[in-house]
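1. structure, please.
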Amino acid sequence: MRENRLRSLWKTGAAAVNGWLAIPNGFSAETMAHQGWDALTIDLQHGLVDYQAMVGMLQAISTTATVPVVRVPWLEPGILMKTLDAGAYGVICPMINTREDAQKLVAYTHYAPRGVRSFGPIRGLLYGGPDYPAKANDTIVTFAMIETAQALDNLDDILSVEGLDAIYIGPSDLSLSLGCKPTFDDVDPRAAEAIDHIVARARAHGVVAGIHNGGTEAALARIAKGFQFVTVSSDARLMAAGAQQVLGRMRQGAPGAAPAGY
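-> Down below sits the predicted model:
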């Protein structure tokens, strides 16, 4: 079966740099993949991407060594199984709040006897290789999102679920749940304390910790704290930032040019 480079990186203690895909388009996904990200996550929970667009984006990512990951909309067996059947090598599931939630997530993403995933890998077999049925359980990575006060209360119970490979912090939702302002990087002290607690407990349980970031400085600081999967920005945000940089320079250097947003 094709190697999952996330697992290979983590075994060496390295951190994976993940990009985020919000634009429902194969060419934009292919362009992002060719920039050298360790992984790219297609977001089905928020934004504009639907299942069919996701399939084309997975095909585009597979032109490179970048690991294809998908954030599913919710803890629902149908979409988790179809996402894996389409060739995702990792799934991120939002709002995992209890041990039972984590157990269901592991069950839905693993074939028997470890889980209840129905067999029919379709494109997963094409992407992964002919031995996919025998090796998928040990190759695919399952992330549980920790992003609520309830999940914090149940953190050790969640982290102790066998077969859960990683957790992923959504700083904005976690902040909201704790009564703080929603943001990625400059989180309020209470949220910052919670994030430090989560990564420490994850490491104690031997579970990889991941987190969403708005910029590179926050991502680098979090790697230093022990995070091994850091998302930096998204295709849409990077496109907007690049356009703003070009236009800002042009407005400054071209006398009489129309103001930005004209």
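2. could you pull out the strands for this structure?
-> Taking DSSP state E as the test, the strands found in the chain are 16-21, 39-43, 67-71, 90-93, 141-146, 166-169, 208-213, 229-232.
3. could the C-alpha coordinates of the first one be exported in PDB?
-> Which is strand 16-21. The C-alpha trace of strand 16-21 is given here as PDB (Å, rounded to 0.1, in the frame of the first residue of the first chain):
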ATOM      1  CA  ALA A  16       3.900  17.900   9.200                       C
ATOM      2  CA  VAL A  17       2.900  21.200   7.600                       C
ATOM      3  CA  ASN A  18      -0.700  21.100   6.400                       C
ATOM      4  CA  GLY A  19      -2.500  23.300   3.900                       C
ATOM      5  CA  TRP A  20      -6.200  23.900   3.900                       C
ATOM      6  CA  LEU A  21      -8.400  23.700   0.800                       C
END
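4. what's that strand in contact with?
-> For strand 16-21, contacts defined as Cβ atoms under 8 Å, 6 or more residues apart in numbering pick out 5-6, 9-10, 28-29, 32, 35, 37-43, 49, 57, 67, 69, 210, 212, 219, 228-235. Every C-beta, even on glycine, is put in place using the N, C-alpha and C of the backbone.
5. give me the buried subset of the residues you listed.
-> Among those, the ones that count as buried by 16 or more other Cβ atoms under 10 Å are 6, 9-10, 28-29, 32, 37-43, 49, 57, 67, 69, 210, 212, 219, 228-235.
6. pull the helix or strand with minimum mean pLDDT from this structure.
-> Counting by mean pLDDT, DSSP states H and E, the chain has its least confident helix or strand at helix 235-253, which shows a mean of 95.
7. residues of that one that come out buried?
-> 235-236, 239.
8. do the same with stretch 184-204
-> 184, 187, 191, 194-195, 198-199, 201-203.
9. out of those, who's nearest residue 15?
-> Distance to residue 15 across the buried residues of stretch 184-204 (Cβ to Cβ) is lowest for residue 199, with 11.8 Å.
10. how about the helices in the stretch 101-250 of the chain?
-> Applying DSSP state H, counting those that start in this stretch to the stretch 101-250 of the chain gives helices spanning 123-128, 132-139, 149-153, 155-159, 171-177, 189-205, 216-224, 235-253.
11. show me how far the first one is from its chain's centre.
-> When distances are taken as Cα atoms, centre = their mean, to the nearest Å, helix 123-128 is centred 20 Å away from the chain's centroid.
12. and that helix, what does it pack onto?
-> helix 51-61, helix 77-85, helix 132-139 (3 or more Cβ pairs under 8 Å, 6 or more residues apart in numbering; DSSP states H and E).
13. can you tell me the closest non-neighbouring residue to the residue nearest to the spatial centre of the chain?
-> Closest to where the C-alpha atoms of the chain average out (Cα atoms, centre = their mean) is residue 41, at 5.0 Å. In this structure, residue 41 finds its nearest non-sequential neighbour in residue 69, 4.2 Å apart by Cβ to Cβ, 6 or more residues apart in numbering.
14. quick check: bridge partners of that neighbour?
-> Listed by DSSP bridges, the beta-bridge partners for residue 69 are residue 41, residue 90.
15. could you list the low-pLDDT ranges of this protein?
-> 255-262 (pLDDT under 70).
16. now residue 35: how far from residue 61?
-> 11 Å (Cβ to Cβ, to the nearest Å).
17. need the buried residues of helix 235-253 in TSV with distance to residue 115, can you?
-> Below are those laid out as TSV (distance: Cβ to Cβ, whole Å):
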residue	distance to residue 115
235	32
236	34
239	38
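18. partners of residue 18 in the sheet?
-> residue 39, residue 231.
19. quick thing: my sequence starts at 38, can you match it?
-> Sure, I'll start numbering at 38, so the last one becomes residue 55.
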